[in-house]
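Chemist: Below: sequence and its predicted model.
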Amino acid sequence: MITKKRNKYYCEFCKKAGGAAWAIIKHEERCTLNPNRHCGCCDILEAPQPDLAGLISMLPNPKEYEDTDAEFDAFFYRGLEEAVDAILPKLREACNNCPACIMAALRQNGIPVPVAKNFDFKGELQSILNDYNASKMGY
């Protein structure tokens, strides 16, 4: 029988894991839970990376909206959706409409991303990447 031991590497900021150290190192640099992250999306947009602490301070405190329903044994954020949607246009302006910076601000503030109903990270990022790739191909 042959036994092999393999290392598993973990991001210091989130639960991402992998078998290649270089991949996790690259991930950690841009992880949306890293307070000192480098934003690759801002690089693509050729925009200055905003101050993440400033973006986080714009958002409402989710602890103020926590509510529990004992009857259904459920946990809710009452009114948080409306508060986030109200501040989202200002947040977009402050971060040059960078979806990765918006995602980082939401996650680091403790706001569940689905609460931001007018924010589609995957769709917005894909649109930016499509435009970037088209410009590189000369379309």
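Modeler: The structure has been received and is ready for your questions. Numbers count the residues shown, from 1 in each chain.

Chemist: So what's the residue count around the nearest residue to Tyr9 once chain neighbours are set aside?
Modeler: Computed as CB to CB, 6 or more residues apart in numbering, the closest residue to Tyr9 that is not its neighbour in sequence is Ile24, at 4.1 Å. (Each C-beta comes from the backbone N, C-alpha and C, glycine too.) Ile24 has 19 neighbouring residues, counting by other CB atoms under 10 Å.

Chemist: wait, isn't Gln108 in contact with Ser57?
Modeler: No - contact criterion CB atoms under 8 Å: Gln108 and Ser57 do not qualify, at 10.9 Å.

Chemist: Please say which of these two ends up with more neighbours.
Modeler: Neighbours per residue (other CB under 10 Å) separate Gln108 from Ser57, with Gln108 holding more: 19 against 10.

Chemist: Tell me, how many residues neighbour Cys95?
Modeler: Other residues close to Cys95 by other CB under 10 Å number 27.

Chemist: State the distance from the residue nearest to Tyr9 to Cys31.
Modeler: Applying CB to CB, to the nearest Å, the value for Ile24 to Cys31 is 9 Å.

Chemist: Please enumerate the shared neighbours of these two.
Modeler: Cys11, Lys16 (CB atoms under 8 Å, 6 or more residues apart in numbering).
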